[in-house]
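In: Just to be clear, the model below is a prediction. Sequence and coordinates:
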Amino acid sequence: MKGEAKSVDDIMIIGIAGGTGSGKTTLTNRLKERFGDDVTVVYHDNYYKRHDDMSYEERSLLNYDHPDAFDTQLMIEHIQKLRQGIQIECPIYDFADHNRSDETMVIHPTKVIVIEGILIFENEILRNLMDIKIFVDTDADVRILRRILRDVQERGRSLDSVVNQYLTTVKPMHEQFVEPSKRSSDIIVLEGGNNVVALDILIQRIHNHVRGTMV
């Protein structure tokens, strides 16, 4: 398979964190577009805990920006397997239903694995699995506008629900958990994938790794 890692030493793990709407996904997509099958992306959002025991209304009231909302232990186990060259069955989260889907997706270990999420630096064990830790830092006003557009247009949310969630959980959780995790990063990138200079530096680093491990 093109891009598949041949040994543990072949694999570079990059963490991309930052607040909601900061530009993490844009940066991740730029890397995926540039390196194709040499890059695999694992999203922390897919590891939200399953809540079949709750109604839709109850699930919609949960705090999805607290570390306890995620099954991070499962993600750690999956990243460890990928680093060992073992494929995983990654869960899939349904944002419209506020619950995990019954479906999973197979993820193969590749030369570069990108982990993306708002809280991936909050957990020390997960953080220590990463070779490069990038924090995307963007103005709060820009982030909330991006979140509103994304949740309304892509996730079927109402404007009122998005604004209410931002004020009651997203903003305070960002200040309590996300912003402090910036101190654990190796690189702080302003404006995510729109920062051409930072993107070029990162692309060169990945290019050197991919080229150096190709057989």
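Out: Perfect, I can see it now.

In: Is Val163 in a helix, a strand, or coil?
Out: With DSSP: H, G, I helix; E, B strand; the rest coil as the basis, Val163 sits in helix.

In: mind listing the strands for this structure?
Out: Under the criterion DSSP state E, the chain contains strands at 12-18, 39-43, 88-94, 99-107, 112-116, 132-137, 187-190.

In: I'd like those laid out as a markdown table, including distance to Thr26 and mean pLDDT.
Out: Just so you know, the C-beta spots here come from the backbone N, C-alpha and C atoms, and that holds for glycine as well. Formatted as a markdown table, those follow (distance: least, CB to CB, whole Å; pLDDT from 0 to 100):
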| stretch | distance to Thr26 | mean pLDDT |
| --- | --- | --- |
| strand 12-18 | 10 | 96 |
| strand 39-43 | 13 | 97 |
| strand 88-94 | 20 | 97 |
| strand 99-107 | 21 | 96 |
| strand 112-116 | 11 | 97 |
| strand 132-137 | 9 | 95 |
| strand 187-190 | 11 | 92 |
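
In: partners of the residue nearest the centre of the chain in the sheet?
Out: Centroid-nearest residue in the chain: Glu116, 1.7 Å away (criterion: CA atoms, centre = their mean). Beta-bridge partners for Glu116, by DSSP bridges, are Ile16, Tyr43.

In: now it: how far from Asp102?
Out: The gap separating Glu116 from Asp102 is 23 Å, by CB to CB, to the nearest Å.

In: same check, this time on Ile88
Out: 17 Å.

In: hang on, the earlier thing: okay, the strands of the chain in TSV with distance to Phe70 next?
Out: Putting the strands of the chain into TSV (distance: least, CB to CB, whole Å) gives the following:
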stretch	distance to Phe70
strand 12-18	13
strand 39-43	11
strand 88-94	10
strand 99-107	11
strand 112-116	12
strand 132-137	17
strand 187-190	23
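
In: Arg50: which of those strands is closest?
Out: strand 99-107 (4.3 Å; CB to CB).

In: With respect to Phe177, which of the strands of the chain lies nearest?
Out: Using CB to CB, the nearest of the strands of the chain to Phe177 is strand 12-18, at 10.5 Å.

In: Please put the alpha-carbon coordinates of the closest one into PDB.
Out: Output in PDB follows, covering the C-alpha atoms of strand 12-18 (Å, rounded to 0.1, in the frame of the first residue of the first chain):
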ATOM      1  CA  MET A  12       6.100  10.200  12.700                       C
ATOM      2  CA  ILE A  13       3.200  11.300  14.900                       C
ATOM      3  CA  ILE A  14       2.100  15.000  14.700                       C
ATOM      4  CA  GLY A  15      -0.400  16.500  17.100                       C
ATOM      5  CA  ILE A  16      -2.400  19.500  16.000                       C
ATOM      6  CA  ALA A  17      -4.400  21.200  18.800                       C
ATOM      7  CA  GLY A  18      -6.100  24.500  19.300                       C
END
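
In: Packing partners of that strand?
Out: helix 24-35, strand 112-116, strand 132-137, helix 196-213 (3 or more CB pairs under 8 Å, 6 or more residues apart in numbering; DSSP states H and E).

In: now what about the second one, what contacts it?
Out: Strand 112-116 is touched from outside by 11-17, 24-25, 28, 31-32, 35, 38-44, 75, 79, 82-83, 126, 130, 206, 209-210, with contacts defined as CB atoms under 8 Å, 6 or more residues apart in numbering.
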